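Enquirer: Need a 3D model of the following:
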Amino acid sequence: MPAPLRLRLDGDALVQNWRTLDRMSGTAACGAAVKANGYGLGAIEVARRLAKAGCRDFFVSNWQEAAELAPLGLTVSVLHGVRAEDMPAAAAGFARPVLNTPTQVARWKAAGGGACDVMVDTGINRLGVSAEDIAGGLLDGLTIETLMSHLACADEDSPMNAVQRDRFAALAGRTTAKRMSLANSAGIALDGYAFDLTRPGLALYGGIPRGDLANAIQPVMTIEAQILQRRRVSAGETVGYNAIWTAEVDTDVAVVNLGYADGYFRGFSNRGTAWAKDASLRVIGRVSMDLVAISVAPMPLLTEGDWIGFEPDLPLAAAASGMSQYELLTAAGDRFDRKWI
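Expert: Alright, predicted model coming up:
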């Protein structure tokens, strides 16, 4: 059945964003993080388009995500490594693990030690083996394709960025790794962080992690939803739960098939922006689970069944809602039809 809400996804913008990041990566190869279902857009369609554009390295979180991409025949790395339960999938060879702990390293060696990647912690204190582990010979005997680390503060001008870069650079030649990879989307905008391979995520999908990228990255995703009812709200009446919006004058209101169950969060209450043609429309009242109200006074011809678009500029939407750009992308629910244009 056709859904009453959809994501309009701009395939040309997605590819152009990757090409921009590839160019900014200099001599380093540019991969793509397609975890979390391609940041909510649909991992298979994202990966297919980026592979056609020339992307050769893809990153997911777990083996379930990797299995979904297996039919495409891509080079996929599983960032969370390999648990005991993952070994049958890892042995199938459709992806390689990014080993994160001494236990994972031992497990991989015991299974024959095929090609792998390794994450080393340089200060984020999340996943990764330590530089001391490497010095102690933990990785000896492994066939390592990529040694990688992850920046904690690349979206800020933090002294920690240079600390992590220098710690990572000091590991060059200390392992058998063919390549080194540090930069995420924000890291690509920093000078001297690309190494051999970059791993953008957010910026591929229209997010702006640093102001340096503001004029280079295009929006990819626009939420669109149908009007279920148009109604006239009289002056002095309220709209929605908790009556947080009151009509100052008689106001035409559209009730739209979208809510926080779809990832359009309550933070947009009285703050969100919608669009019809070139007219900017205000979200009014409390966003509820399945519905949101829009003031449509500027658009007298909008009626039941028409489609409303919502703010595609992720930094603006994040500022309005109080949510991060990452959350706005990845929270897009299963009730959306995903329409690539």
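Enquirer: Disregarding flanking residues, what is the spatial nearest neighbour of R282?
Expert: S295 (4.7 Å; Cβ to Cβ, 6 or more residues apart in numbering). Every C-beta, even on glycine, is put in place using the N, C-alpha and C of the backbone.
Enquirer: May I have the phi/psi pair for the one you found?
Expert: phi -80, psi 120 (degrees, to the nearest 10).
Enquirer: what bridges to it?
Expert: Counting by DSSP bridges, S295 is bridged to V253, R282.
Enquirer: thought it was touching G285?
Expert: No. Here S295 does not reach G285: they are 9.6 Å apart, not a contact under Cβ atoms under 8 Å.
Enquirer: neighbour count winner among these two?
Expert: Ranked by neighbour count (other Cβ atoms under 10 Å), S295 and G285 place G285 first, with 24 against 20.
Enquirer: Contacts only, for the more buried one.
Expert: Contact partners of G285, counting by Cβ atoms under 8 Å, 6 or more residues apart in numbering, are 238-241, 244-245, 269-270, 293.
Enquirer: dump the residue contacts of the residue nearest to R282.
Expert: S295 is in contact with 251-253, 281-282, 284, counting by Cβ under 8 Å, 6+ apart.
Enquirer: can you check H80 too?
Expert: 61-62, 98, 100, 127.
Enquirer: Work out for me the element it sits within.
Expert: H80 belongs to no helix or strand when elements are defined using DSSP states H and E.
Enquirer: pretty sure Q104 contacts A84?
Expert: No. Contact criterion Cβ under 8 Å: Q104 and A84 do not qualify, at 9.8 Å.
Enquirer: Name the residue in these two with the higher neighbour count.
Expert: Taking other Cβ under 10 Å, Q104 and A84 do not tie; Q104 has more neighbours (23 against 9).
Enquirer: Just give the nearest non-adjacent residue to that one, would you?
Expert: G81 (4.5 Å).
Enquirer: Quick check: chain neighbours aside, which residue is closest to A189?
Expert: D212 (4.1 Å).
Enquirer: for the protein, what's the longest strand?
Expert: Counting residues, the longest strand in the chain under DSSP state E turns out to be strand 221-233.
Enquirer: Which strands or helices does it pack on?
Expert: strand 5-9, strand 251-256, strand 307-310 (3 or more Cβ pairs under 8 Å, 6 or more residues apart in numbering; DSSP states H and E).
Enquirer: List of residues touching the second one?
Expert: Okay, so that is strand 251-256. 225-233, 235, 239, 274, 284, 291-297, 300, 302, 308.
Enquirer: what angle separates the helix or strand containing A320 from strand 221-233?
Expert: In the assignment (DSSP H and E), A320 maps to helix 314-321. Here the directions of helix 314-321 and strand 221-233 differ by 40 degrees (axes from the mean of the first three to the mean of the last three Cα atoms, to 10 degrees).
Enquirer: tell me how far the helix or strand that comes right after helix 314-321 is from the chain's mean position?
Expert: Heading C-terminal from helix 314-321, the first helix or strand you meet, by DSSP H and E, is helix 325-330. Relative to the centre of its chain, helix 325-330 is centred 6 Å away, using Cα atoms, centre = their mean, to the nearest Å.
Enquirer: List the buried residues for helix 325-330?
Expert: Residues 325-326, 328-330 are the ones in helix 325-330 that count as buried (16 or more other Cβ atoms under 10 Å).
Enquirer: quick check, L14 in a strand?
Expert: No. Judged by DSSP: H, G, I helix; E, B strand; the rest coil, L14 forms no part of a strand; its state is helix.
Enquirer: Can you tell me, leaving aside adjacent residues, what's nearest to it?
Expert: Using Cβ to Cβ, 6+ apart and skipping the chain neighbours, the partner closest in space to L14 is V220 (5.0 Å).
Enquirer: okay but the one you found is in contact with D12, surely?
Expert: No. Counting by Cβ under 8 Å, V220 sits too far from D12 to count as a contact (9.3 Å).
Enquirer: Neighbour count: the two, which is higher?
Expert: The residue with more neighbours, out of V220 and D12, is V220; 28 against 12, by other Cβ under 10 Å.
Enquirer: so how far is F310 from the more buried one?
Expert: 14 Å (Cβ to Cβ, to the nearest Å).
Enquirer: and what of G40?
Expert: Separation of G40 from F310 (Cβ to Cβ) stands at 14 Å.
Enquirer: Give me the buried subset of the contacts of G285.
Expert: By 16+ other Cβ under 10 Å, the contacts of G285 give 239-240, 245, 269-270, 293 as buried.
Enquirer: End to end on stretch 166-182, go ahead and measure it.
Expert: 11 Å (Cα to Cα, to the nearest Å).
Enquirer: Report the buried residues of it.
Expert: Those would be 167-168, 171, 175, 177, 179-182, for stretch 166-182 by 16+ other Cβ under 10 Å.
Enquirer: Now for those residues: which two are most distant?
Expert: Farthest pair in the buried residues of stretch 166-182 (Cβ to Cβ) is R167 and R179. Separation: 17.4 Å.
Enquirer: which ones are touching the residue nearest the centre of the chain?
Expert: Nearest to the geometric centre of the chain sits Y39, at 3.5 Å (Cα atoms, centre = their mean). Listed by Cβ under 8 Å, 6+ apart, the contact set of Y39 reads 33, 46, 201-202, 204-205, 326, 329-330.
Enquirer: now it: how far from E132?
Expert: 34 Å.
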